[in-house]
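**Q** pasting the sequence and the predicted coordinates here, then a few questions.
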Amino acid sequence: MSDLSKRICIIGGGPAGLSAAMYLEKKGYTNYVIYEKLNKVGGKCYSPKIKVKHNGVEEEKSFETGAIMGAITYHAISEMEEFGGYYHKGPNFKEGEPNMRREFRKLNGEVDHPFEPKVNFSFKKLFSLLKLKKQMKKLNQIMQTKYLGYDCYGHLGVAKGEYFGISKGVEGHCGATKENSFPNYLKGTNPNLKDLALPFSEFCKLNGVEEVQRIWIAPFTSFGYGFFDEIPAALVMKYLDVTTALEFVNMGLWTWEDGTQQIFEHVNKKLQHPAVLESEVVKVERPEGKVLVTIRGKDGKEKTEEFDSLVVTTPLDYFIKYADATKEEKELFSKIIHERYCDYIATFEEGKSPVISGYLVENMVPERLGHAMVYYNRWEYLGGDCPCTVYALANHTGTPDVDYDDVMKMMDEDMEKVGFPIKEKLYAQEVYYCPHVSSKDYMEGWYDRLEALQGNKNTYYAGEIISFGDMEDTCAASKDIIGRFF
Ligand SMILES: Cc1cc2nc3c(=O)[nH]c(=O)nc-3n(C[C@H](O)[C@H](O)[C@H](O)COP(=O)(O)OP(=O)(O)OC[C@H]3O[C@@H](n4cnc5c(N)ncnc54)[C@H](O)[C@@H]3O)c2cc1C
């Protein structure tokens with residue numbers, strides 16, 4: 001019998017922490033506290049309001065510094081929307097709403113049409129697109145057959161050729177039926193799944209589908225999730241499963257008018273115990289049977305509280321620095337790698353901002369590390385005077401990291417070259433992004449070792465590392481962890 005009165009501490013008021021609280025409440029647990037170090041919830045979903053001018057009239061609009069989009073595979077996010085009463089727009093956007101239209105640009109500023117055979121027609125282009133189409137079909141087919149079971153959240157068993165997790169499937173899409181769609185668990189054995197530990201580029205080569213990387217690269221690498229020669233295919237295919245990837249291709253994406261942060265602000269307001277803000281967890285001690293959590297408040301004063309259980313939704317490679325970590329925790333969590341993703345919101349010289357979002361595909365290679373890979377214009381109706389967000393990656397395994405200041409400078413230069421000269425930066429940041437492990441550690445069963453630790457010392461691990469660093473996967477991971485262990 002579950003002890004519904006047990007006192008639970010959740011570290012972090014981002015999507016993972018708030019969804020953990022929501023799923024705890026849904027199971028009848030109400031004795032929980034969420035500690036959040038910042039003065040706001042939502043974590044990397046931060047959507048500041050910025051004043052813009054339209055037809056001479058000033059208005060405030062939401063802009064995104066972090067998460068932007070969702071899709072029909074965003075099941076856990078749909079549950080958060082329902083709980084908080086705040087819903088997405090799209091995929092059919094109305095005039096004046098934020099939208100997800102995008103273009104491709106060459107570094108000389110020319111608009112490119114890599115996937116439209118009739119524009120700049122040549123037989124070479126036609127053949128390469130036919131090849132791409134054939135390989136897309138093949139990938140869709142092998143993911144449903146050879147890699148049956150890939151399409152669930154998390155990585156349990158994959159290194160052993162097994163699968164176990166909540167299905168990400170959408171009934172009627174890519175072979176999913178009601179029985180094997182969200183929120184049912186998928187469980188089985190499939191030795192082929194071990195291939196998912198390979199870097200994505202090798203996985204594609206092994207399966208003769210190298211061309212598909214041309215589709216996957218924009219919503220993966222330019223979104224800061226790393227390069228295909230270093231990231232295990234499991235991460236790529238669990239985030240951009242075929243259904244989600246097709247939503248990108250077919251422009252079936254969602255976004256949120258007042259910003260993704262509002263999903264979590266709304267959930268937080270509906271929780272019985274909204275997150276305690278400006279409260280950083282600075283120490284965790286776990287003597288026999290209890291959890292002692294020390295929190296530093298806004299005034300710098302520290303206090304220690306006692307709990308029965310702990311749910312950590314924050315980076316585990318940092319957790320081992322302030323907790324009484326065991327040898328296994330230290331060994332395992334020090335293997336976590338994260339991306340260094342940089343972005344800024346900027347205004348542009350008068351009338352010279354991008355009117356829609358765009359990908360700079362030539363910059364999505366390690367040789368162009370630190371260069372702008374994508375820019376995001378949310379409010380197309382504002383024309384050439386809309387502030388936009390610009391993004392770049394600063395790290396790649398085997399290449400020296402690029403300093404933050406250099407990244408900022410390179411992004412400015414790139415935007416100028418493609419025809420969008422920056423006037424002023426309104427907000428800039430580098431974020432801890434997409435925590436994951438190397439192909440080698442993945443292959444050696446890192447995730448199964450993490451699973452074996454769940455519940456030890458009354459501690460449960462959730463957050464981005466469990467499945468993938470996006471809103472949906474982190475919230476679905478909370479659903480799974482709370483569902484199975486509480
Ligand atoms: C530029 C960018 C673009 C993105 N685009 C998308 C997108 O389009 N779609 C999508 O689905 N996802 C996107 N994401 C990813 C998504 O935002 C994250 O995966 C998601 O926010 C992760 O949620 P989390 O709760 O695990 O972690 P976080 O969002 O990082 O939240 C962790 C929280 O814990 C707090 N915290 C940390 N340490 C402590 C401590 N010691 N004590 C107390 N509190 C602490 C932090 O302040 C933070 O609020 C994007 C992210 C970025 C940065």
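**A** Cool, the structure landed. Residues are numbered from 1 along each chain as shown.
**Q** this protein: helices as residue ranges?
**A** 15-26, 75-84, 123-144, 200-206, 213-220, 233-239, 242-249, 261-270, 316-322, 327-333, 404-417, 439-443, 446-453, 471-485 (DSSP state H).
**Q** up against the ligand, what does the stretch 151-300 of the chain have?
**A** 223, 280, 281 (Cβ under 6 Å from any ligand atom). C-beta: built from backbone N, CA, C; applies to glycine.
**Q** now neighbour count and distance to residue 75 too, for those, in TSV please.
**A** Output for these, formatted as TSV (neighbours: other Cβ atoms under 10 Å; distance: Cβ to Cβ, whole Å):
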residue	neighbour count	distance to residue 75
223	24	20
280	17	31
281	23	29
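**Q** which of these fall within strands?
**A** Secondary structure from DSSP state E places 280, 281 of these in strands.
**Q** between the residues of the stretch 151-300 of the chain next to the ligand, which sits nearest residue 176?
**A** Nearest to residue 176 out of those is residue 223 (Cβ to Cβ; 24.1 Å).
**Q** residue contacts, residue 447?
**A** By Cβ atoms under 8 Å, 6 or more residues apart in numbering, residue 447 lies in contact with 154, 155, 156, 158, 159, 437.
**Q** with respect to residue 54, which of the helices of the chain lies nearest?
**A** The nearest among these, by Cβ to Cβ, is helix 261-270 at 21.4 Å.
**Q** how about the closest one: buried residues?
**A** 261, 262, 263, 264, 265, 266, 267, 268 (16 or more other Cβ atoms under 10 Å).
**Q** hmm, the last one is touching residue 18, no?
**A** It stands for residue 268. Yes - using Cβ atoms under 8 Å, residue 268 makes contact with residue 18 at a distance of 5.8 Å.
**Q** shared neighbours of these two, which are they?
**A** 41, 275.
**Q** adding distance to residue 179, pLDDT and neighbour count, write the contacts of residue 447 out as CSV.
**A** As requested, the contacts of residue 447 are arranged in CSV below (distance: Cβ to Cβ, whole Å; pLDDT from 0 to 100; neighbours: other Cβ atoms under 10 Å):
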residue, distance to residue 179, pLDDT, neighbour count
154, 19, 98, 24
155, 23, 98, 30
156, 20, 98, 20
158, 22, 98, 28
159, 26, 98, 22
437, 32, 98, 22
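**Q** run the chain-centre distance for stretch 479-486.
**A** 20 Å (Cα atoms, centre = their mean, to the nearest Å).
**Q** what sits up against it?
**A** With Cβ under 8 Å, 6+ apart as the criterion, stretch 479-486 contacts 2, 8, 19-20, 23-24, 27, 29, 76, 79, 153-154, 165-166, 183, 309, 311, 454-455, 460-462, 466.
**Q** among those, which ones are in strands?
**A** Those of the contacts of stretch 479-486 lying in strands (DSSP E): 8, 165, 166, 309, 311, 460, 461.
**Q** list the contacts of the third one.
**A** Taking Cβ under 8 Å, 6+ apart as the contact definition, residue 166 lies against 152, 153, 154, 182, 183, 184, 185, 186, 476, 479, 480.
**Q** look up how far residue 263 lies from residue 340.
**A** 25 Å (Cβ to Cβ, to the nearest Å).
**Q** show me which residues of the stretch 301-450 of the chain are close to the ligand?
**A** 313, 314, 341, 343, 431, 433.
**Q** how does it look with 5 Å?
**A** 314, 343, 431 (Cβ under 5 Å from any ligand atom).
**Q** what residues go with each domain of the chain?
**A** With domains defined by automatic domain parsing, the chain comprises 8-43+260-336+438-485, 49-105+337-436, 115-249.
**Q** my guess is residue 117 meets residue 128, correct?
**A** No - under the criterion of Cβ under 8 Å, residue 117 makes no contact with residue 128, lying 9.4 Å away.
**Q** I figured residue 240 was touching residue 219, is that so?
**A** Yes - between residue 240 and residue 219 there is a contact under Cβ under 8 Å: 6.1 Å.
**Q** any shared contact partners between those two?
**A** Common neighbours of residue 240 and residue 219 (Cβ under 8 Å, 6+ apart) are residue 248.
**Q** can you tell me the strand partners of the lengthiest strand in the chain and which way each runs?
**A** Assignment by DSSP E gives strand 422-436 as the longest strand of the chain. Counting by DSSP bridges, the strands paired with strand 422-436 are strand 337-348 (antiparallel).
**Q** between helix 404-417 and the strand it pairs with, find me the angle.
**A** Orientation check (axes from the mean of the first three to the mean of the last three Cα atoms, to 10 degrees): strand 337-348 against helix 404-417 gives 50 degrees.
**Q** low-confidence ranges in this structure?
**A** 1 (pLDDT under 70).
**Q** most remote residue from it's center?
**A** Within the chain, the residue lying farthest from the chain centre (Cα atoms, centre = their mean) is residue 123, at 37.7 Å.
**Q** from the ligand, how far out is it?
**A** 37 Å (Cβ to the nearest ligand atom, to the nearest Å).
**Q** cool, and residue 167?
**A** Applying Cβ to the nearest ligand atom to residue 167 and the ligand gives a distance of 18 Å.
**Q** report the buried residues of stretch 455-464.
**A** 457, 458, 459, 460, 461, 462, 463, 464.
**Q** quick one: end-to-end distance for stretch 240-254.
**A** 15 Å (Cα to Cα, to the nearest Å).
**Q** ok now that stretch, how far from the chain's centre?
**A** On Cα atoms, centre = their mean, the centre of stretch 240-254 falls 15 Å from the chain's centre.
**Q** neighbouring contacts of that stretch?
**A** Residues contacting stretch 240-254 (Cβ under 8 Å, 6+ apart): 69-74, 88-91, 100-101, 139-140, 143, 150-151, 168-170, 173-174, 176, 215-216, 218-220.
**Q** now do the contacts for residue 58.
**A** 51, 52.
**Q** okay, and the beta partners of it?
**A** With DSSP bridges as the rule, residue 58 is bridged to residue 53.
**Q** could you find the closest non-adjacent residue to the residue of the stretch 301-450 of the chain found nearest the ligand?
**A** Nearest residue of the stretch 301-450 of the chain to the ligand: residue 314, at 3.9 Å (Cβ to the nearest ligand atom). Using Cβ to Cβ, 6 or more residues apart in numbering and skipping the chain neighbours, the partner closest in space to residue 314 is residue 12 (4.2 Å).
**Q** what about that neighbour, neighbour count?
**A** 25 (other Cβ atoms under 10 Å).
**Q** how close does it get to the ligand?
**A** 3 Å.
**Q** and for residue 288?
**A** 24 Å.
**Q** any idea how far that residue lies from residue 458?
**A** Separation of residue 288 from residue 458 (Cβ to Cβ) stands at 10 Å.
**Q** same check, this time on residue 39
**A** As defined by Cβ to Cβ, residue 39 lies at a distance of 29 Å from residue 458.
**Q** same deal with residue 52?
**A** 49 Å.
**Q** and the residue of the stretch 151-300 of the chain that's closest to the ligand?
**A** For the stretch 151-300 of the chain, Cβ to the nearest ligand atom, closest residue to the ligand: residue 281, 3.8 Å.
**Q** that residue is in contact with residue 293, isn't it?
**A** Yes - counting by Cβ under 8 Å, residue 281 does reach residue 293; the two are 5.8 Å apart.
**Q** what sits in contact with each of those two?
**A** 9, 11, 35.
**Q** would you reformat these as a markdown table and include neighbour count and distance to residue 197?
**A** Listed next are those as a markdown table, based on neighbours: other Cβ under 10 Å; distance: Cβ to Cβ, whole Å:
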| residue | neighbour count | distance to residue 197 |
| --- | --- | --- |
| 9 | 24 | 33 |
| 11 | 28 | 29 |
| 35 | 23 | 35 |
